[in-house]
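In: pasting the structure only:
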Ligand SMILES: CN1c2c(nc(N)[nH]c2=O)NC[C@@H]1CNc1ccc(C(=O)N[C@@H](CCC(=O)N[C@@H](CCC(=O)N[C@@H](CCC(=O)O)C(=O)O)C(=O)O)C(=O)O)cc1
Ligand SMILES: N[C@@H](CCS)C(=O)O
Ligand SMILES: [Zn+2]
């Protein structure tokens, strides 16, 4: 029988209630043994496979599961272990695997960066110049056999393709790219061959890099690589998977010598469908059509999706079509069913990973057995979506009018930076190389449990508030004792830098278990923007002013910026993202004026997600960046001259957005730099940046306390490019994931280094850039 198939590109690995995270942390803390840990992981993995089978997916991914990160898995599988971990070759022990990701007492962790335009972070593979790829272990094989033997599932193993893998890696010279690729391909063939022998019918090879700009040479290489790979095996079918955008070179991509091509029909703004209609699709190939949005949490309008698939079927035979989400479901929470406290109007319009797979199977069933067989589902979805779209929360006249009022005004600080800088120098009287931190201080188990007790009603508001104040007070004392120049209150009252603000603003809803993996065991619970956003009362004033009352040193106000709140939330889709960002920016503008009214004149507005949201397609980037600058300035530029606006960014490559960073017109930016081992500095060299800048002097992701020499060399390197009056000394990012002792020791070392260098500058021992 001709049959359309349904498929999953990847499934969330964290479990319905973050069981994965809990097991990992218990293992790292030594509370469970390695075999207990691995057995818990097996249970989670097989439960997830069983669930997908019960939902009715035809092609179930294998090996998308990971003990930390799938890019790290690929690096380890092919033997790319950085030399500093002194691995002697062969299979990689589990401790070493985690050391690469997290660092150990002797060696710093590998760099971590954003996975394309998502809030997922991967471990950047490091390919030392003398690296010889070897197959340390075919990690997909045991997973494949496990599914086959335990559950009777003939899974679809998933692997990151060689071209994307190498392009995402670093450490090797560009001239060695082809040589490395040539060495890698036979190893990939070996993996495919072993899977074929074990009974695999399909293997999904992810090449998301194909949605980024590709040269002719790249495309030629793709052809060579996949020619070798598909011809290197006999029966197993390669499904070359792309996602997050359209492919620019549609004809070249769909004609690559593989059995199937996976395209994103959601985040392509119609481009893939247009190409399909214009150029058709090779008769001998399967098309895996990503029509279910793998990045949002809203139910699909099944009527529209069905029509879209019928459209696709005008160019592809039924028995060559696969229906699937647009990308891995790693980026959405697991299931809506456990959400008991949500307003039913919102809940009924939501769709998390399990529901998205159900949508794919329903559509597949309709295509196979006729639309009438799924008519009820279609009507039900339409009804739920309409109910939310018509809700009054989406039509708040006051909010919309205020956005409209700003339409013709350009938000801009009245005084130029060069004058503001002098005003701030007199106002704050900070020394050269002022020391500070990024905002959060250790969120200990005690703090998280206190919040849980308060949320459950076991602690009163007053009791919880005084607990938070005790923590603030303890840390103000500690920061003074350490000798930091600009203090922070520590963000103890915040569960997360976005969720916290979402809870305080109107127009947001919260899930209980809507977690998504951010990096390693760390998860975030993005709030849901379902209505118009507005601020009714101050969100941060109480804690900041309390902190400021305890010290004469400046305490920075601490806010999350409009672009980051937007990018790290799940956003309504009935109006443009820019409209929502402006609503958030105006709410923040009010908060900033509340802070100023309370004499807080140094205010940090974090925008770590600004770079992440940069569209993959170059032609869409300008508009995004202009809108981001507008929103940031809308939030921050209505302040007095004395007020010093800071911002902070992390986990990204910043070179290509240097102009935007400048246009934000923030007086000071702190930016992640330590993990990339100083590479960022050259961007500032080229740009001749004038405003205040704190290039993170140590990596906060590792429990290891950074040494004085290491930080000293980071600072001295930066001072070759930046003036010491510009340069701030701070860690890479917030300290919420670190312990109290390691944080205290690290900050002590940091202040010591800053003071030493400051003295050398004052004594003119150190010649500085004028
Ligand atoms: C700066 N980063 C952030 C990103 N995205 C965000 N939305 N927020 C960010 O800060 N992207 C880039 C980076 C990623 N970095 C991190 C760093 C750290 C975390 C993290 O620590 N996440 C926590 C969850 C945070 C949270 O909401 N905690 C709640 C407690 C929730 C909970 O677990 N409760 C328990 C009981 C408490 C206990 O017993 O310990 C329960 O309900 O069972 C809170 O503080 O109230 C994590 O644990 O993963 C994320 C991203
Ligand atoms: N102020 C936040 C920024 C994280 S990107 C923090 O310190 O955690
Ligand atoms: Zn950060």
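Out: That came through, no problem. Just so we're clear, the structure is a prediction, and the values are computed from it rather than from any experiment. Residues are numbered from 1 along each chain as shown. Ligands and ions are numbered 1, 2, ... in the order given.
In: can you pull the pLDDT of the closest residue to ligand 2 within the stretch 1-150 of the chain?
Out: Nearest residue of the stretch 1-150 of the chain to ligand 2: residue 119, at 11.1 Å (CB to the nearest ligand atom). (Each C-beta comes from the backbone N, C-alpha and C, glycine too.) pLDDT, residue 119: 95.
In: for residue 677, same thing?
Out: 50.
In: Then residue 769?
Out: Predicted confidence (pLDDT) for residue 769: 56.
In: Residue 720 now?
Out: 87.
In: Next, count neighbours for it.
Out: 10 (other CB atoms under 10 Å).
In: cool, and residue 179?
Out: For residue 179, using other CB under 10 Å, the count is 11.
In: That one sits in which helix or strand?
Out: Using DSSP states H and E, residue 179 sits within helix 177-198.
In: how about stretch 540-550 against ligand 2, any contact?
Out: No - with CB under 6 Å from any ligand atom as the measure, stretch 540-550 is seen stopping short of ligand 2, the closest distance being 11.3 Å.
In: tell me the mean pLDDT over that stretch?
Out: On average, stretch 540-550 scores 98.
In: which other residues reach it?
Out: 465, 468-469, 472-473, 476-477, 487-490, 492-493, 554-555, 557-559, 591, 594-595, 598-600 (CB atoms under 8 Å, 6 or more residues apart in numbering).
In: What ranges does the stretch 51-200 of the chain have for its helices?
Out: 70-77, 94-102, 140-151, 162-168, 177-198 (DSSP state H, counting those that start in this stretch).
In: hang on, I meant the stretch 351-500 of the chain
Out: Counting by DSSP H, counting those that start in this stretch, the helices of the stretch 351-500 of the chain are 353-369, 375-389, 397-405, 417-428, 445-455, 461-482, 499-504.
In: picking that back up, point out the most buried one among the helices of the stretch 51-200 of the chain.
Out: With neighbours taken as mean count of other CB atoms under 10 Å, those reach their highest mean count in helix 70-77, at a mean of 24.
In: Quick check, the residue of the stretch 1-150 of the chain closest to ligand 2 in contact with residue 519.
Out: No - checked against CB atoms under 8 Å, the pair residue 119 and residue 519 is beyond contact range at 9.1 Å.
In: ok, and for the strand or helix carrying residue 35, which residues are buried?
Out: Secondary structure assignment for residue 35, by DSSP H and E: helix 34-55. Using 16 or more other CB atoms under 10 Å as the test for burial, helix 34-55 gives 37, 40, 41, 44, 45, 46, 48, 49, 51, 52, 53, 55.
In: Stretch 307-327 too?
Out: Buried-residue list, stretch 307-327, by 16+ other CB under 10 Å: 308-309, 312-313, 316, 320-327.
In: What's the local residue count around the residue of the stretch 151-300 of the chain found nearest ligand 2?
Out: Minimum separation of the stretch 151-300 of the chain from ligand 2 (CB to the nearest ligand atom) falls at residue 295, amounting to 20.9 Å. By other CB under 10 Å, 19 other residues sit near residue 295.
In: Check residue 111 too.
Out: The burial count for residue 111: 22, using other CB under 10 Å.
In: Now do it, the pLDDT please.
Out: pLDDT, residue 111: 90.
In: how close does it get to ligand 1?
Out: 14 Å (CB to the nearest ligand atom, to the nearest Å).
In: Go through the helices of the stretch 51-200 of the chain and name the closest to residue 508.
Out: helix 70-77 (30.8 Å; CB to CB).
In: helices or strands up against the closest one?
Out: Using 3 or more CB pairs under 8 Å, 6 or more residues apart in numbering; DSSP states H and E, the elements in contact with helix 70-77 are helix 94-102, strand 121-123, strand 156-160, helix 162-168.
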